[in-house]
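Asks: Sharing a sequence plus its predicted fold:
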Amino acid sequence: MSTEVSDVNKVRNIGISAHIDSGKTTLSERILFYTGKIHKIEEVRGKSGVGAKMDSMDLEREKGITIQSAATYCTWGDYNINLIDTPGHVDFTVEVERALRVLDGAVLVLCAVAGVQSQSITVDRQMKRYGVPKVAFVNKMDRAGADTHRVVKMLREKLYHNAHPVTLPIGSGDEFAGIIDLQTMEAVYFDGENGENIRREAIPDDMKDEAQQYKESLLEALADFDDELAEKFLEGEEVSLDLLKRVLRKATLSLKFTPVFCGSAYKNKGVQVLLDGVIDYLPTPKERENIGLDQNDGEKEIVLDTDPSKPFVGLAFKLEDGRFGQLTYLRVYQGSISKGDFIHNINNKKKVKVPRIVRMHSNEMHDVDTAVAGDIVALFGIDCASGDTFTDGNVAITMTSMHVPAAVISLAVEPKERSSQQNFSKALNRFSKEDPTFRVWRDEESGETLIAGMGELHLEVYLERIKREYNCEVTVGQPQVAYRETITTQAVLDYTHKKQTGGSGQYAKIQGRLEPLPEDSVQEYEFVSEVVGGSIPKEYIPACDKGFQEQLQKGQLIEAPVVRVRCVVSDGNFHPVDSSEMAFRTCAKAAFREAYERANPVILEPIMTVEVSAPDEFQGAVTGGLNQRRGVITNSETNEGYVTVMCLVPFAEMFGYASTLRSSTQGKGEFTMEFAKYEPVPRQAQNEMVEKFREAKLAASK
């Protein structure tokens, strides 16, 4: 079956992103139903045990959460929508990163009761990072305590959005009956078993004034974006629907305006109007500027053209091990690609043939012959890494890669049975290739295999998948926190390396300084050469840099990686015969070690932003528990009988917090956590850690 799209203006590539439990997957399920893609609605935690279409993994259905982003496509009217449902849990944040990297627009889903939560803030930051225009959908209007206006206020105050409702709810909670469409000034009701029959009527008398007031405020906000609308608004003239929609689109695409829709996906109300909003206000692939780097012209930035006739450029943004081998999700940015074409991987310089192209519908595949600029498809039988760029060989362009957050937790793992070693290795290779935040390495000293990730749930899910998908039981060590080391003061580098062992010796001298980089520095390490007059020959300068970098792998306090350091080489000396690259590398390592001790090194620990919500009668227990874990409370607010506490807590103190919170709140408390920053460990704790590390090392050497 071929489903080729000729008109790129009728394509929308959108993602659905939100805080965990805001109803993203339920919303995706309704979108698929109303667009005719599925014929029966399944709930995320439904009694049928089938689970939502977009949660295709058994683990997702059991836990009732989304773990992997799932892609699908559907049609609304004569428009094609490529849709990606992303996870809400912070441990799977890379799934959101890679989806937003390739999407043109997004739907930010918010819970009508909880409003803007910690993960909503993260998702919003990710959308801003990639410049993705968005519409907001206030979901769960059927819940007690639902309040659209409070959520819009939070969007403005917490996320700094210029947010205005384009639909208003008629009632809320059990009384939620439908919505008022401020664009057409009509009441919209959703009849039928699944809300599929849309009925538009006059606005109820008791809501006419409120609707008029919000329409005025919407027009006033849009007047900033268009002179014609501003003029009509100021003169009290009627603003036509066409003009309103045109300006709303312009404002949304400028990233300076967020239209807010409302409804209840679970109760089948408001989703079709949101779909119209997606078509009306989110960009076509042509309306987004996509930048590539020309490798033949010193990585000069060039704007890619969403034109099927131009040379092909595509980005592999996600890998998955499917039943038929590796499945590579690809966004086509320029040109087109057909079955049987040869494409070039710019990153590893390999040329490969495209054996099969499919459009994904969750875990189902629908074959297509050709994909054109603006499409999101999947390829089979292509070996590549996540983030690789493909072209047709006529251009050498790479796409900028996505942001990959640092891992905060590591575990030592090994298979229980020796016979499972092969499956164990296969699983780790596959998962580390698919997920850039899941890292695997071998500790040379202890001989252990270590895995690292974004949190306990992240690693727990992968260990469970090793057991289920590879039939391999795993033994797990104690979780390790990803500590770092850094320096706090400047120290002088001054070292001479001499070695004479028959024949030519080794000689190198390095002088300079070690300096701490500022806390907000993007770089973890910086090398600066201030050498003049050839006191160190040019060809040996890179060797100094290499030596310093090798020494950064292990600090001298607890052998954690060293970060936020600038190494400056200003002078030195060499010998015409005895100096070599090796000599300068060795000299740099020794100079660094010696200066490091004088630069007041400290241990840095990951600090997490933790958001806890529980019934307000447990407020004392929650804050007390967080204080015991060295938590610094930054904000606390009470709403509808629930208290939400925001705080910063060292990651090392958060192990086992889930069960502590459950027992102290009678199982009613919940929390989310995400990495915030690295901060120095308190001096006393640092001394204890260094002592403990030395003792462990001594014991191991015996």
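Replies: That came through fine.

Asks: Tell me the buried residues in stretch 538-553?
Replies: 540, 543-545, 547-549, 551-552 (16 or more other Cβ atoms under 10 Å). Bear in mind the C-beta positions are built from the backbone N, C-alpha and C, glycine included.

Asks: got it, and stretch 600-609?
Replies: By neighbour count on 16+ other Cβ under 10 Å, the buried set for stretch 600-609 is 601-609.

Asks: Tell me the helix or strand right after the helix or strand of the chain with the lowest mean pLDDT.
Replies: Every helix and strand in the chain was compared by mean pLDDT, DSSP states H and E; the lowest is helix 58-63, with a mean of 54. Once the chain leaves helix 58-63, the next helix or strand it forms, by DSSP states H and E, is strand 70-76.

Asks: who does that following strand touch, helix- and strand-wise?
Replies: Here strand 70-76 touches helix 24-34, strand 79-85, helix 271-281, strand 357-361, strand 376-380, going by 3 or more Cβ pairs under 8 Å, 6 or more residues apart in numbering; DSSP states H and E.

Asks: from the buried residues of stretch 600-609, which single one is nearest Arg442?
Replies: The nearest member of these to Arg442, counting by Cβ to Cβ, is Pro606 at 22.6 Å.

Asks: Next one: the closest one, what pLDDT does it get?
Replies: pLDDT, Pro606: 89.

Asks: Name the helix or strand for it, please.
Replies: Counting by DSSP H and E, Pro606 is found in strand 601-615.

Asks: Dump the helix or strand that that strand is followed by to PDB, keeping only the CA atoms.
Replies: Later in the chain than strand 601-615, the nearest helix or strand by DSSP H and E is helix 619-628. Provided in PDB are the C-alpha atoms of helix 619-628 (Å, rounded to 0.1, in the frame of the first residue of the first chain):
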ATOM      1  CA  GLN A 619       2.200  18.500  54.800                       C
ATOM      2  CA  GLY A 620       4.200  18.200  58.000                       C
ATOM      3  CA  ALA A 621       5.300  14.600  57.300                       C
ATOM      4  CA  VAL A 622       6.300  15.500  53.700                       C
ATOM      5  CA  THR A 623       8.400  18.600  54.600                       C
ATOM      6  CA  GLY A 624       9.900  16.800  57.600                       C
ATOM      7  CA  GLY A 625      10.900  13.800  55.400                       C
ATOM      8  CA  LEU A 626      12.500  16.100  52.800                       C
ATOM      9  CA  ASN A 627      14.400  18.100  55.500                       C
ATOM     10  CA  GLN A 628      15.900  14.800  56.800                       C
END
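
Asks: Residues contacting helix 619-628, please?
Replies: Here helix 619-628 makes contact (Cβ atoms under 8 Å, 6 or more residues apart in numbering) with 610, 612, 614, 633, 636, 638, 643, 645, 647, 649, 657, 660-661, 664-665, 669.

Asks: buried ones in it?
Replies: 619, 621-623, 625-626.

Asks: May I have the secondary structure class of Asn348?
Replies: Here Asn348 is recorded as coil under DSSP: H, G, I helix; E, B strand; the rest coil.

Asks: how near is it to Asp578?
Replies: 39 Å (Cβ to Cβ, to the nearest Å).

Asks: which of those two has more neighbours?
Replies: The neighbour comparison of Asn348 against Asp578 (other Cβ atoms under 10 Å) goes to Asp578, with 17 against 11.

Asks: Report the mean per-residue pLDDT for the helix or strand Thr644 falls within.
Replies: Using DSSP H and E, Thr644 sits within strand 642-650. In this model, strand 642-650 has an average pLDDT of 89.

Asks: I'd like to know which elements it is packed against.
Replies: So strand 642-650, by 3+ Cβ pairs under 8 Å, 6+ apart, packs with strand 601-615, helix 619-628, strand 632-639, strand 670-680.

Asks: Centre of the chain to that strand, how far?
Replies: 22 Å (Cα atoms, centre = their mean, to the nearest Å).

Asks: and the very next helix or strand once past it with strand 670-680, angle?
Replies: Once strand 642-650 ends, the next helix or strand along the chain (criterion: DSSP H and E) is helix 657-664. Relative orientation of helix 657-664 and strand 670-680, computed by axes from the mean of the first three to the mean of the last three Cα atoms, to 10 degrees: 130 degrees.

Asks: which other helices and strands contact helix 657-664?
Replies: Using 3+ Cβ pairs under 8 Å, 6+ apart, helix 657-664 is in contact with helix 619-628, strand 670-680.

Asks: quick one: which of those is nearest Met365?
Replies: Smallest distance to Met365 across the helices and strands packed on helix 657-664 (Cβ to Cβ): 33.5 Å, for strand 670-680.

Asks: So for that closest one, what gets flagged as buried?
Replies: Going by neighbour count (16+ other Cβ under 10 Å), the buried part of strand 670-680 is 671-675, 678.

Asks: Stretch 530-538 now?
Replies: Quick answer for stretch 530-538 (16+ other Cβ under 10 Å): 531, 536.

Asks: What is the end-to-end distance of that stretch?
Replies: End-to-end distance of stretch 530-538: 11 Å, with Cα to Cα, to the nearest Å as the criterion.

Asks: can you give me how far that stretch is from the chain middle?
Replies: 44 Å.

Asks: What is the neighbour count of Val522?
Replies: Val522: 6 neighbours (other Cβ under 10 Å).

Asks: Quickly note the distance from it to Leu450.
Replies: Val522 sits 26 Å away from Leu450, going by Cβ to Cβ.

Asks: Give me the phi and psi for Val532.
Replies: Torsion angles at Val532 (phi, psi; degrees, to the nearest 10) stand at phi -130, psi 160.

Asks: For Gly387, which of the helices and strands packed on helix 657-664 is the nearest?
Replies: So among the helices and strands packed on helix 657-664, strand 670-680 is nearest, using Cβ to Cβ, at 20.7 Å.
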